[in-house]
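Novice: the sequence isn't on hand, but the structure is:
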């Protein structure tokens with residue numbers, strides 16, 4: 001069974017940086033497309049960034065392009081989300097997810113994302 005554990009969330013001020021980590025165990029990490037999603041209170045969960053198996057392809061939501069960076073360390077079975085120049089609208093619960101179905105870097109359908117972490121709260125104050 002694949003397990004996904006996020007860490008690194010917290011309370012920061014606007015303009016600050018934060019790095020989220022996601023450790024994956026129980027599977028062949030290098031074979032997984034990985035993604036970060038976020039869900040604001042009362043809204044749908046949306047993809048923030050995704051990265052291909054080898055790390056050579058990345059995709060970002062328009063709202064985070066130029067500020068966030070996704071990268072992975074296959075030797076450590078870990079994917080990261082570096083978040084810079086944070087804004088209050090980035091406040092959300094951030095989830096790490098594993099795509100075991102295909103090579104797509106899109107957020108939908110959710111059924112492509114087989115495993116999810118428990119989420120980590122990121123709060124950005126103005």
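Specialist: Cool, the structure landed. All of these numbers come straight from a predicted model, not from anything done at the bench. Numbering: from 1, shown residues only.

Novice: where along this structure do the strands fall?
Specialist: 3-7, 10-13, 18-25, 33-39, 46-51, 58-60, 68-73, 78-83, 92-99, 113-116, 120-125 (DSSP state E).

Novice: pLDDT score for residue 25?
Specialist: Here, the pLDDT recorded for residue 25 equals 96.

Novice: list the contacts for the closest residue to it other than its chain neighbours?
Specialist: Sequence neighbours aside, residue 3 is the residue nearest to residue 25 in space, at 4.9 Å (criterion: CB to CB, 6 or more residues apart in numbering). For glycine as for every other residue, the C-beta is placed from the backbone atoms N, C-alpha and C. With contact set as CB atoms under 8 Å, 6 or more residues apart in numbering, residue 3 has these partners: 24, 25, 26, 115.

Novice: want to throw the strands of the chain into TSV with distance to residue 107?
Specialist: What follows is those, written out as TSV (distance: least, CB to CB, whole Å):
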stretch	distance to residue 107
strand 3-7	16
strand 10-13	24
strand 18-25	16
strand 33-39	7
strand 46-51	3
strand 58-60	9
strand 68-73	13
strand 78-83	14
strand 92-99	9
strand 113-116	8
strand 120-125	18
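
Novice: before we move on, back to that, just the buried ones out of the contacts of residue 3, please.
Specialist: The neighbour-count test (16 or more other CB atoms under 10 Å) marks 24, 115 as buried among the contacts of residue 3.

Novice: can you get me a residue count around residue 67?
Specialist: By the other CB atoms under 10 Å criterion, the neighbourhood of residue 67 contains 15 residues.

Novice: hmm, it is touching residue 81, no?
Specialist: No: in this structure residue 67 lies outside contact range of residue 81 using CB atoms under 8 Å: 10.8 Å.

Novice: excluding residues flanking it in the chain, which one is nearest residue 14?
Specialist: Residue nearest to residue 14 in three dimensions, not counting chain neighbours: residue 126, with 5.2 Å by CB to CB, 6+ apart.
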